[in-house]
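1. Got a sequence here, can you build the structure:
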Amino acid sequence: MDLNFNKNEDHNKLLLSELKKRLAKVKLGGGENRIAKHHAKGKMTARERIDFLLDSKKHSIEIGAFAGEDMYKEHGGCPSGGVVVKIGYVKGKQCIVVANDATVKAGAWFPITGKKNLRAQEIAIENRLPIIYLVDSAGVYLPMQDEIFPDKEHFGRIFRNNAVMSSMGITQIAAVMGSCVAGGAYLPIMSDEALIVDKTGSIFLAGSYLVKAAIGESIDNETLGGATTHCEISGVTDYKAKDDEDALNTIKRLIDKIGDYDKAGFNRSAPKKPKENPDDIFGILPRSRADQYDMKEIIKRLVDNSEFDEYKEGYGKTIITAYARIDGWAVGIIANQRHIVKTTGAKTKPSEMQFGGVIYNDSADKATRFIANCNQKKIPLVFLQDVTGFMVGSKSEHGGIIKDGAKMVNAVSNSVVPKFTIIIGNSYGAGNYAMCGKAYDPRLIVAWPSAELAVMSGNSAAKVLLQIEKASLEKQGENFTAEKEKELFDKIKNRYDNQVSPYYAAARIWTDAIINPLDTRTWISMGIEAADHAPIEKPFNLGVLQV
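-> All right, here's what the predicted structure looks like:
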């Protein structure tokens, strides 16, 4: 291995180490003291509940672990958005599990909590996955009620989705393992079956204090809405459990009896590991987001037997389109190529050069045709993003780059096969859209620690914003020295770089996770398995913009 490979490897493994440190902190939820108090009540934590429920010998993936990171500081923070979401297996059946973390503000709902819960339900709906709710929540976080209560994508949408999933035949099971109050009380009761843990679980529209204030009745919470009340008097819940483990074991037995699902029929053969060493990814991926590398070498370390069949290899070279298998599943790969082998003479004009990671007319045309082919053959799509955007300049504009780019965006938008997006490096501007960013409904979208998401790079944005700021100050008659220019540039760039970070995106659920690159195959494989639960119900149609 050469020196550059070793430097890249050191850099990327440091990024991975930082990811692991941040994940370890996130997994503590509200902190060790609150976990201890939670245990003292005889309750398991949200993560302990999920770990007990899921099959231990099978893979699981976590959605939105960094939701809420560095947000709501004035309210004490909201690690993981106060809710843990995982896709895993219960008695061999793939499910999605949503568990309130009562160590974070008693499981109260912040705005990001609502967004994360809706994302979990979206995954269940798109993939027809059974969904299990482990409820332990104080309800809406009142100081921020105006940002979580009334709008279309707020708290009430959860219950609307409960009803929609029920009509679709998607299994929903809820276990009330702590508080379940006010509007939140509808969630378990709108599920197919509801369990409640004796002495620790409670369900009511208004607690004892509010009842006293509203109608003058004096009653304790257990009598008002405990397990005995709802299992023997109101009939609101279906099963009484003596403790958390008993409730979770009951869920396992219920899931175990669900019949098989109708399959979409995606092609799968016996899985094979890559021939090339996946660990090499850390040395191949460059330290700088501006440097070139050969995306084909990354693909070889992600696909079965390191084999892929490239479509239109000699055409539109800044996008790679290829058929391959990942963990046995047939996939169509659309990847930005950063490594462009082209000798350019001294007299070559910038408009005649080829830049890696940029989408040109021919590469957009190729990708559009490939997407259509995969839809016709019912092959899931995998997007590997490292894109700086579409090519600009007179040559591209005269060649119709807007038209070709629109065709690619149209194909991505109307694709009926499941899409999965891995942000490896840059994800800038309209390139994010064309390569199936979050707005284009990928079934799952994840980032590597090396990813950057923004309209443009921090360096480019700082230059643009600096010129605007400089012109404004000069109009006001201020003397703009080189020293002041550098100070302002650094200030703008630092602020922008923070927003470009994959953690900034993950905190806002623009991505589902930041992952170890070596886990990419697992995410794609489990994602396609989930998508196989949902048969394709409409034909592929590009609409007005026909190819």
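2. all helices of the stretch 351-500 of the chain, in order?
-> Applying DSSP state H, counting those that start in this stretch to the stretch 351-500 of the chain gives helices spanning 361-377, 394-398, 401-414, 429-434, 458-475, 482-500.
3. Only the buried residues of the longest helix seen in the chain, if you could.
-> Counting by DSSP state H, the longest helix found in the chain is helix 3-26. Residues of helix 3-26 classed as buried by neighbour count (16 or more other Cβ atoms under 10 Å): 8-9, 11-12, 15-16, 19, 22-23, 26. Just so you know, the C-beta spots here come from the backbone N, C-alpha and C atoms, and that holds for glycine as well.
4. Export these as a markdown table, with columns for distance to E469 and pLDDT.
-> Formatted as a markdown table, these follow (distance: Cβ to Cβ, whole Å; pLDDT from 0 to 100):
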| residue | distance to E469 | pLDDT |
| --- | --- | --- |
| N8 | 35 | 96 |
| E9 | 39 | 96 |
| H11 | 32 | 97 |
| N12 | 34 | 97 |
| L15 | 31 | 97 |
| L16 | 36 | 98 |
| L19 | 34 | 98 |
| R22 | 33 | 97 |
| L23 | 37 | 97 |
| V26 | 36 | 96 |
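5. mind checking the SS state of T237?
-> Of the three states, T237 takes coil according to DSSP: H, G, I helix; E, B strand; the rest coil.
6. and if you look at D260?
-> Following three-state DSSP, D260 is assigned to coil.
7. what's the burial count for it?
-> Using other Cβ atoms under 10 Å, the number of residues around D260 comes to 6.
8. residues making contact with the longest helix of the chain?
-> The contact list for helix 3-26, computed with Cβ atoms under 8 Å, 6 or more residues apart in numbering, reads 1, 65-66, 69, 79-80, 281-287, 449-450, 503, 514, 516-517.
9. Please repeat the previous calculation with a cut-off of 10 Å.
-> With contacts defined as Cβ atoms under 10 Å, 6 or more residues apart in numbering, helix 3-26 is touched by 1-2, 31, 62, 65-69, 79-80, 84, 279-288, 291, 293, 448-451, 502-503, 506, 513-518.
10. Buried subset of these, written for ChimeraX?
-> Applying 16+ other Cβ under 10 Å to the contacts of helix 3-26, the buried members can be selected in ChimeraX as follows:
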select :62,65,66,67,68,69,79,80,84,280,281,282,283,284,285,286,287,293,448,449,450,451,502,503,506,513,514,515,516,517
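11. Cross the contacts of helix 3-26 against helices and list the overlap.
-> Those of these mapping onto helices are 281-284, 502-503, 506, per DSSP H.
12. Looking at the residues you listed, spot the one nearest Y89.
-> Closest approach to Y89 among the ones in helices among the contacts of helix 3-26 (Cβ to Cβ): A506, at 24.3 Å.
13. Distance to K272 for the ones in helices among the contacts of helix 3-26 - can I get that in TSV?
-> Shown next, in TSV, are those (distance: Cβ to Cβ, whole Å):
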residue	distance to K272
I281	18
F282	22
G283	23
I284	21
P502	30
Y503	34
A506	31
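14. Kindly indicate which of those residues lies nearest T103.
-> Out of these, the member with the shortest distance to T103 (by Cβ to Cβ) is A506, at 20.5 Å.
15. Quick check: the closest one vs G64, distance?
-> Distance of A506 to G64, computed by Cβ to Cβ, to the nearest Å: 8 Å.
16. Quickly list what's touching both of those two.
-> Here A506 and G64 have 512-513 as joint contacts, going by Cβ under 10 Å, 6+ apart.
17. Quick check: which ranges of the stretch 151-300 of the chain have low pLDDT?
-> For the stretch 151-300 of the chain, the stretches with pLDDT under 70 are 183.
18. what about the helices in it?
-> Secondary structure of the stretch 151-300 of the chain (DSSP H, counting those that start in this stretch): helices located at 156-168, 186-189, 208-215, 221-225, 227-228, 244-256, 281-284, 295-300.
19. Can you mark which positions in the third one are buried?
-> Just to be clear, that refers to helix 208-215. Neighbour-count burial for helix 208-215 flags 208, 211 (criterion: 16+ other Cβ under 10 Å).
20. Likewise for the last one?
-> Residues 295, 297-300 are the ones in helix 295-300 that count as buried (16+ other Cβ under 10 Å).
21. In PDB, list the C-alpha atoms belonging to stretch 273-288.
-> Extracted in PDB, the C-alpha atoms of stretch 273-288 (Å, rounded to 0.1, in the frame of the first residue of the first chain):
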ATOM      1  CA  LYS A 273     -18.900 -11.800   0.100                       C
ATOM      2  CA  PRO A 274     -16.800  -9.300  -2.000                       C
ATOM      3  CA  LYS A 275     -13.600 -10.800  -3.300                       C
ATOM      4  CA  GLU A 276     -11.800  -7.500  -2.700                       C
ATOM      5  CA  ASN A 277     -11.200  -6.600   1.000                       C
ATOM      6  CA  PRO A 278     -14.000  -4.100   2.200                       C
ATOM      7  CA  ASP A 279     -11.500  -2.700   4.700                       C
ATOM      8  CA  ASP A 280      -9.700  -1.100   1.800                       C
ATOM      9  CA  ILE A 281     -12.500   1.400   1.500                       C
ATOM     10  CA  PHE A 282     -10.800   3.400   4.300                       C
ATOM     11  CA  GLY A 283      -7.600   3.800   2.200                       C
ATOM     12  CA  ILE A 284      -9.300   4.400  -1.100                       C
ATOM     13  CA  LEU A 285     -11.600   7.200   0.100                       C
ATOM     14  CA  PRO A 286      -9.500  10.400   0.000                       C
ATOM     15  CA  ARG A 287      -9.000  12.700   3.000                       C
ATOM     16  CA  SER A 288     -10.100  15.800   1.000                       C
END
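22. any idea how far V85 lies from D246?
-> Computed with Cβ to Cβ, the distance linking V85 and D246 is 23 Å.
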